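Enquirer: got a predicted model here, sequence first, then my questions.
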Amino acid sequence: MTDYPTLTVVTHPLIQHKLTLMRDKTASTSDFRKLLREISQLLAYEITRDLEMTTKLIETPMTEMEAPVLKGKKLALVSILRAGNGLLDGVLELVPSARVGYVGLYRDEVTLKPVQYYCKLPDTLHDRLVIVLDPMLATGNSSVAAVDLLKAAGAKRIRFLCLLAAPEGVARMAEAHPDVPVVTASLDDRLNDKGYILPGLGDAGDRMFGTK
């Protein structure tokens, strides 16, 4: 439990162990990328825990049965570029039939405000559960902007999946979109004066792609 009603912190031992390996500044780019993919799959179990189910008639090698299957339209996964793609790869391995969208946002380093440069979303979002993917919920500005875009495109059921969250970002998201649950592996201490999460793990995109 946390002080934030919209937030779920997943404390599974495997997630916490892998997150510690990722935080270590000596982790290689390939190890960081591999661990992020693995953690994204584990987090995906939590954020999809209560998907709607129905049944269908199948025939096993032994007999017929009414077996459980997912109900409704396929999920939509929306990656906030570029770092969101690290989570996307793992979740897609778990839910390969999901529709995929991309929102391109970068943070102005002076104002810390998001600037949009790309948006491509699946159709009929109003009928789908939409899971937004971004490793870091820091200031919350980019995350809120992405959810704004999704709601404008018709999305009604939205969840947010991240690796790390800062209290400032969780509060910002809860204020702007109290109907959007947030699932993360860790609620860290705070932001520094440049808007980075502490203790954090640095810039997830740079560490994943080896660009710094």
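Expert: In hand now; what should we look at? Quantities reported herein were computed from a predicted structural model and do not represent experimental measurements.
Enquirer: just list what the lengthiest helix in the chain packs against, helices and strands only.
Expert: For the chain, the longest helix by residue count, based on DSSP state H, is helix 29-47. Contacts defined by 3 or more CB pairs under 8 Å, 6 or more residues apart in numbering; DSSP states H and E place helix 29-47 against helix 13-23, helix 84-94, strand 157-161, strand 182-184, helix 204-209. Bear in mind the C-beta positions are built from the backbone N, C-alpha and C, glycine included.
Enquirer: deepest of those, which one?
Expert: Of the helices and strands packed on helix 29-47, the one with the most neighbours on average (mean count of other CB atoms under 10 Å) is strand 182-184, at a mean of 25.
Enquirer: which neighbours in the sheet does the following helix or strand past that one have, and how are they oriented?
Expert: Downstream of strand 182-184, the first helix or strand assigned by DSSP states H and E is strand 186-187. Strand partners for strand 186-187, identified by DSSP bridges, are recorded as strand 164-165 (parallel).
Enquirer: distance between whatever helix or strand comes next after the partner strand and the chain's centre?
Expert: Sequence-wise, the next helix or strand downstream of strand 164-165 (DSSP H and E) is helix 167-176. The chain centroid and the centroid of helix 167-176 are separated by 15 Å under CA atoms, centre = their mean, to the nearest Å.
Enquirer: can you list the weak-confidence ranges in the chain?
Expert: 1-2, 112, 212 (pLDDT under 70).
Enquirer: not counting sequence-adjacent ones, nearest residue to residue 205?
Expert: In this structure, residue 205 finds its nearest non-sequential neighbour in residue 83, 3.9 Å apart by CB to CB, 6 or more residues apart in numbering.
Enquirer: what's near enough to touch the one you found?
Expert: 134-136, 203-205, 208 (CB atoms under 8 Å, 6 or more residues apart in numbering).
Enquirer: ok so, going back, would you indicate which residues of the longest helix of the chain are buried?
Expert: 32-44, 46-47 (16 or more other CB atoms under 10 Å).
Enquirer: before we move on, what about stretch 98-113?
Expert: Result for stretch 98-113 [16+ other CB under 10 Å]: buried residues 98-105.
Enquirer: partners of the longest strand that the chain contains, with directions?
Expert: In the chain, taking DSSP state E as the definition, the longest strand is strand 99-107. Looking at strand 99-107 with DSSP bridges, its partner strands are strand 76-81 (parallel), strand 114-120 (antiparallel).
Enquirer: tell me, what residue is most central in this structure?
Expert: residue 161 (2.4 Å; CA atoms, centre = their mean).
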